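*Asks:* everything below, folded, please.
(one chain, ligands or ions: 4)
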Amino acid sequence: MPLSEVLDDVLAGHRLTEEEAVRLLSTRDRGVLAILAAADELRERKVGDTVTYVRNQNINVTNLCVNACGFCGFSRKPGDADAFFYDEAAVREKARAARERGVTEVCTVSGLHPDFDAGSYAEIYSWIRDEAPGVHIHASNPMEVAYAAEKSGISTGEVLGMMRDAGLATLCGTAAEILVDDVRRVICPGKCDTATWVRIIKEAHCLGIRSTATIMYGHCESEGDRARHLSILRDIQDETGGFTEFVPLSFIHKNTPLYRAGQARPGAAGREDLLMFAVARLFLDNFDHIQASWVKVGTKMAQMGLLSGADDLGGTLFEESISREAGARDTDYLDPAEMQRIAGDLGRTLRQRTTTYTLLPG
Ligand SMILES: C[S@@+](CC[C@H](N)C(=O)[O-])C[C@H]1O[C@@H](n2cnc3c(N)ncnc32)[C@H](O)[C@@H]1O
Ligand SMILES: Nc1c(NC[C@H](O)[C@H](O)[C@H](O)CO)[nH]c(=O)[nH]c1=O
Ligand SMILES: N[C@@H](Cc1ccc(O)cc1)C(=O)O
Ligand code: SF4
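*Replies:* Residues are numbered from 1 along each chain as shown. Ligands and ions are numbered 1, 2, ... in the order given. Predicted structure coming up:
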């Protein structure tokens, strides 16, 4: 079938198959531009011309980690000179700073600290809730939940309940990476497998804890792996409706063991970044929001993402460090005035949102 027919079909409401997604993701000629245009049209029909962002701050409590994922430039081992761990006073101080900055969301994920258990995560959330009451705590992910459950000898459902009681409002959809076990064995052999990730995300959604959905791409996965991953996310969303948005995380390669060992490509090409936004918009027909994360692709590509199916720029990200440690530049904080320039240049309107996409006045 010619590409134009596939795109006409999808615009007419036909659900793309996984094979069709592979074909779209593999396009290299000017067909790419037709795919981006179709995704842009669908974005306009579905969510209009508003571009959103969230005012948020990260509190990454420690980079000490029992794992050593090949794609990660952030984690450290005990004794490393630049290992860090924020104690209660430091976490409280950062939460106060977040409040003073007027954020609506604190995002906290960390290394899997050797001494953490379920209670450690609950304590951290309660400190943040104390110091920044009313600020939405967007934290952890299925890997941290699995780790906490294992360390405390309790079920992942119980961990989620404890986290929620301590202040967790939504779960991060990270640790998804690529939801194909053959790829996970190469890039993150110590992480939970695909089935466990899916089980914990569904558990969270069933408890009323919504989450983001992510993919980390541009290392050693194939187009088929990316399409499989999108298909798993679409199936979960059909079942639970619990995903708030899809956030493609383009692999930052420079300071990572995987790249240095020659086992990963030097990140995605620009074509692949834009096709990821576009194919996500076309394939994930049950998601409203697709995020162009400026910290992963840079502000110029993020703007092009907004012309390729994306409708959200992500967070202001005070105190970003995970991408910086992997080798990205200018990762700490993007001023909404700059986001306004990016959106305004496309004739679109920038609006501040909450974590769950309620638009705020102004
Ligand atoms: C650094 S981890 C922290 C939480 C927890 N330790 C874990 O691994 O789930 C958070 C997420 O950041 C993303 N990430 C880490 N390193 C990255 C890199 N070099 N490029 C792009 N994304 C990365 C991955 O998707 C990862 O799941
Ligand atoms: N915290 C990081 C994020 N978060 C994604 C958004 O900023 C936001 O938390 C989400 O949309 C929920 O509202 N993305 C990154 O690329 N890097 C981070 O450190
Ligand atoms: N805030 C992200 C989590 C995240 C954390 C660190 C990153 O480098 C990227 C993403 C989410 O909503 O799921
Ligand atoms: S990605 Fe998470 S689990 Fe893996 S090494 Fe980095 S901090 Fe640890």
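*Asks:* how about the residues of the chain by ligand 2?
*Replies:* Taking CB under 6 Å from any ligand atom as the test, the list of the chain residues beside ligand 2 reads 54, 56, 58, 105, 107, 138, 212, 245, 247, 249, 291, 293, 295-296, 314-315, 317, 320, 322, 355. The way it works is simple: take the backbone N, C-alpha and C, and place the C-beta from them, glycine included.
*Asks:* filter the residues you listed down to the ones in strands?
*Replies:* Val54, Asn56, Asn58, Glu105, Cys107, His138, Thr212, Glu245, Val247, Leu249, Gly314, Gly315 (DSSP state E).
*Asks:* contacts only, for the residue lying closest to the fourth one once chain neighbours are set aside.
*Replies:* In other words, Glu105. Excluding its sequence neighbours, the residue lying closest to Glu105 (CB to CB, 6 or more residues apart in numbering) is Asn56, at 3.8 Å. Counting by CB atoms under 8 Å, 6 or more residues apart in numbering, Asn56 touches Val103, Thr104, Glu105, Val106, Cys107, His138, Gly315, Thr316, Leu317, Phe318, Thr355.
*Asks:* which of these tops the neighbour count?
*Replies:* With neighbours taken as other CB atoms under 10 Å, the top of the contacts of Asn56 is Val106, carrying 28 neighbours.
*Asks:* my guess is that one contacts Ala97. True?
*Replies:* No: applying CB atoms under 8 Å as the test, Val106 and Ala97 come out as separate, 10.2 Å apart.
*Asks:* list residues touching both of these two?
*Replies:* Joint contacts of Val106 and Ala97 (CB under 8 Å, 6+ apart) are Gln57.
*Asks:* what's the closest of the contacts of Asn56 to Gly262?
*Replies:* Nearest to Gly262 among the contacts of Asn56, counting by CB to CB, is Leu317 at 30.8 Å.
*Asks:* need phi/psi at Gly186.
*Replies:* Gly isn't right for residue 186; it's Val. According to degrees, to the nearest 10, the main-chain angles of Val186 amount to phi -90, psi -50.
*Asks:* right, I mislabeled it, should have said Arg353
*Replies:* Backbone torsions of Arg353, given as degrees, to the nearest 10, read phi -120, psi 170.
*Asks:* give me the number of residues near it?
*Replies:* By the criterion of other CB under 10 Å, Arg353 has 21 neighbours.
*Asks:* confirm Gly161 sits in a helix?
*Replies:* Yes: according to DSSP: H, G, I helix; E, B strand; the rest coil, Gly161 belongs to a helix.
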